[in-house]
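A.B. asks: can't give you the sequence, but here's the structure:
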């Protein structure tokens, strides 16, 4: 088998056999197939796509490149959540301890920020001392003890994905649905889950902005999960504006803590509840969405969820005081208030300029090796549809210096549009529920309430 | 400028600016852009194509990566011929000395065989001692003295093309019309020509088998040449069967010598004359195709062309005796006759199985570093349309050993089809003439006579 012939055939739109896909993944992981052949193949895959059998073989080969977690003898359901990434998306920090507090084991393996999107690991590491690089045995022990662990991809899990992802990132081959699906699902399926909930973002700030692309991605990942014995459900959630108010690592962690204390922004809590309901139902902790939602709300209002987060922080070497006093996290030197440029209605808050500005201000990564300044970012207090007066404060920027503030102000001017009235309706917070049976659009109620959305999804 | 952003934009089908194209070529040539990014970009170019401005910028950047030959003060017209490659295509060996004998300077820079096609350099090197690696000053001195030099691409000429070609070869990105055009034209335009004639092959044995593809390639290269002040004409010639009878390095060189002595096969001579007519007209040595043809025929029948080849061989270190006695070239150890398997009409002689068999027998290359055994190959004495009797000898195979003979027989069985009657008309030897004014199909007369074809092209 010659790699160049396989590239040629994929380029011509032909289907490769499972043996050929395996040959490519194994050859690449072992270093026998060079980067320059793999990147040409990846671009051909972007062009021609992958058939279902090819995608299954790719995912299996990527799982087989590493270890699978073994939970033999465990009876606790193990459910993870994965988000396709966005701006201001700190859901994991709230959801993992919240769901764990309800009795579900959450072995959450997250990523770092790349491109314009943030990463859960970077947000956690804003907490002084917090370690995300636990070994697999450490992670397993903590999962057994606390019911939740928040770590990065370990070297044992799907190493082929790690190499492929790094290559895709520098060769313009990230945004292909089959490649995204195989990357996410190979890691998740190696975690030994009993179920998986996917938060698929759509809207301008998502990697795949179009709703149709989001739905296809959801369907593709669900098929991969279900075919491999892992029940999988996806919710499509809004990323046409940032989620919550805070964007930037420490600021988002602070907002997540506020949410765990019951003081979080409504949109963040609604998305968190909607995903949490799916996790509790999947774990069979509750039988109806309404009861699941009630249990989640109780876990939050009772302080159990916040306490669980405190325990996780302590167990992973972080300063647990952060839960009571978020100011133990690094603070930005230059803080300025940004005011509305005119009177009118906020028509857009574009996530991408915000995400890119955070990177430019030192709070994100352009390569995986970059270190981040956790203190920088934005708190944007308006949403599309809000009325504002010229000169009214609508955001705060947190920067290292005056140059950072200038950059941040420019980004806000690019991101926030004020007009006479809304041109386009913002996306519902949770717009679709997808499972192996198909896609269910969630009614306009979904915009207001995750509970109704989740309930509606059973009724519809 | 970030390379990944340029890859991304090309992937999305956007046009890159001349500055961006230059950045990519310069960065790749200097080693700042790694192979894995360039190969992804090349695959994106295969997918999305290149706009005329992009292609022009690519070609210019490739020329600018090296030196341009400077012929200031020369008055002799300098015309080269380039073939897109095929099986049995030894035209250059006949054409270069023939046209030089008519007073045109021919600075011919050729390539090695790759894939299923042979290469002029490998054919020349079948002559004991023949050097194709002259330096540029040596080549220029010989061109001035003899009017013809036959060399390989020197390191000074379009080094970007050399690196890009090697990468394309292993990443399935060879057969893109803009990439082929830029590769060929960057080298040719650096030669300081006063005119260029292109032999664009079509049919199953060509890199681009479809006639439409061949025409597009011709038009693309002509636009590149003419826009840069180099008059360029293309002929589309048949590669649905091998050209001539001999396939394999020493065997083809022998056949070229026979042709120079007036004993060559008719199809080889017709294609050679058709191309030669274009070169003489372009050089303004003659004013009409008929006169140009006459001059070429005279140069051949008078022995001047053969003598010119002898001088070239001697000047480039080869054994000039080869012109009188081709058996000074390496001889195959195992020679066997292949007979028709049945009585009927030869319906096909497919070039690809023949070309691939030569490679497998050791007479071609799978990597540029491979050395070749010049002695192996085929002499196939039938053409599509010929009637044969079962058991009648229709080919000879020249191999290193019995295993090679077996391989060669299998290839002949795959390549030669015998049926009741021709299913498909063979392509005319010269089917189209293309210049900056457009495409001229050449009538059925073209099949029989290159002169009529060339003449017709002026009439039509």
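C.D. replies: Arrived safely. Remember, it's a predicted structure, so these values are computed and weren't measured experimentally. Numbering: from 1, shown residues only, chains lettered A, B, ... in the order given.

A.B. asks: Contact partners for the residue nearest the centre of chain A?
C.D. replies: Nearest to the geometric centre of chain A sits residue A:83, at 2.8 Å (C-alpha atoms, centre = their mean). Applying C-beta atoms under 8 Å, 6 or more residues apart in numbering or on different chains to residue A:83 gives the contacts A:89, A:91-92, A:198-201. Just so you know, the C-beta spots here come from the backbone N, C-alpha and C atoms, and that holds for glycine as well.

A.B. asks: ok, those vs residue B:162, which is closest?
C.D. replies: Checking those against residue B:162 by C-beta to C-beta gives residue A:201 as the nearest, at 44.9 Å.

A.B. asks: Name the SS class of the nearest residue to residue A:127 once chain neighbours are set aside, please.
C.D. replies: Leaving aside its chain neighbours, residue A:127 sits nearest to residue A:318 (4.2 Å; criterion: C-beta to C-beta, 6 or more residues apart in numbering or on different chains). Put simply, residue A:318 is coil when judged by DSSP: H, G, I helix; E, B strand; the rest coil.

A.B. asks: Just to check, residue A:318 is in contact with residue A:130?
C.D. replies: Yes - with contacts counted by C-beta atoms under 8 Å, residue A:318 reaches residue A:130, the gap being 3.4 Å.

A.B. asks: What is the neighbour count of the residue lying closest to residue A:77 once chain neighbours are set aside?
C.D. replies: Computed as C-beta to C-beta, 6+ apart, the closest residue to residue A:77 that is not its neighbour in sequence is residue A:283, at 3.8 Å. Residues lying near residue A:283 (other C-beta atoms under 10 Å in any protein chain shown) number 21.

A.B. asks: residue contacts, residue A:283?
C.D. replies: Here residue A:283 is in contact with A:77, A:79, A:103-104, A:194-195 (criterion: C-beta under 8 Å, 6+ apart).

A.B. asks: between those, which has the most around it?
C.D. replies: residue A:79 leads the contacts of residue A:283 on contacts (other C-beta under 10 Å) with 27 neighbours.

A.B. asks: So which of the contacts of residue A:83 is the closest to chain B?
C.D. replies: Distances from chain B to these, taken as C-beta to the nearest C-beta, are shortest for residue A:201 (19.2 Å).

A.B. asks: For residue A:269, see how far away residue A:330 is.
C.D. replies: According to C-beta to C-beta, to the nearest Å, residue A:330 and residue A:269 sit 26 Å apart.

A.B. asks: Which one's more surrounded, these two?
C.D. replies: Applying other C-beta under 10 Å to residue A:330 and residue A:269 shows that residue A:269 carries more neighbours, namely 23 against 15.

A.B. asks: for the record, mean pLDDT for the helix or strand where that one lies?
C.D. replies: Assigning secondary structure by DSSP states H and E places residue A:269 in helix A:266-282. Per-residue pLDDT values over helix A:266-282 give a mean of 98.

A.B. asks: quick one: buried residues of it?
C.D. replies: Buried residues in helix A:266-282, counting neighbours by 16 or more other C-beta atoms under 10 Å in any protein chain shown, are found at A:267-282.

A.B. asks: Same question for stretch A:217-231: list its buried residues.
C.D. replies: Residues of stretch A:217-231 classed as buried by neighbour count (16+ other C-beta under 10 Å): A:217-225, A:227, A:230-231.

A.B. asks: beta partners of the residue nearest to the centre of chain A?
C.D. replies: Beta bridges link residue A:83 to residue A:199 when assigned by DSSP bridges.

A.B. asks: following the helix or strand hosting residue A:162, which helix or strand shows up next?
C.D. replies: Here residue A:162, judged by DSSP H and E, is contained in helix A:159-170. As assigned by DSSP H and E, the chain's next helix or strand after helix A:159-170 is helix A:177-190.

A.B. asks: Pull the distance from that following helix to the chain's centre.
C.D. replies: Centre-to-centre, helix A:177-190 and its host chain are 13 Å apart (C-alpha atoms, centre = their mean, to the nearest Å).

A.B. asks: now stretch A:402-413
C.D. replies: 26 Å.

A.B. asks: Report the buried residues of that stretch.
C.D. replies: Neighbour-count burial for stretch A:402-413 [16+ other C-beta under 10 Å]: A:404-405, A:407-409, A:411-412.
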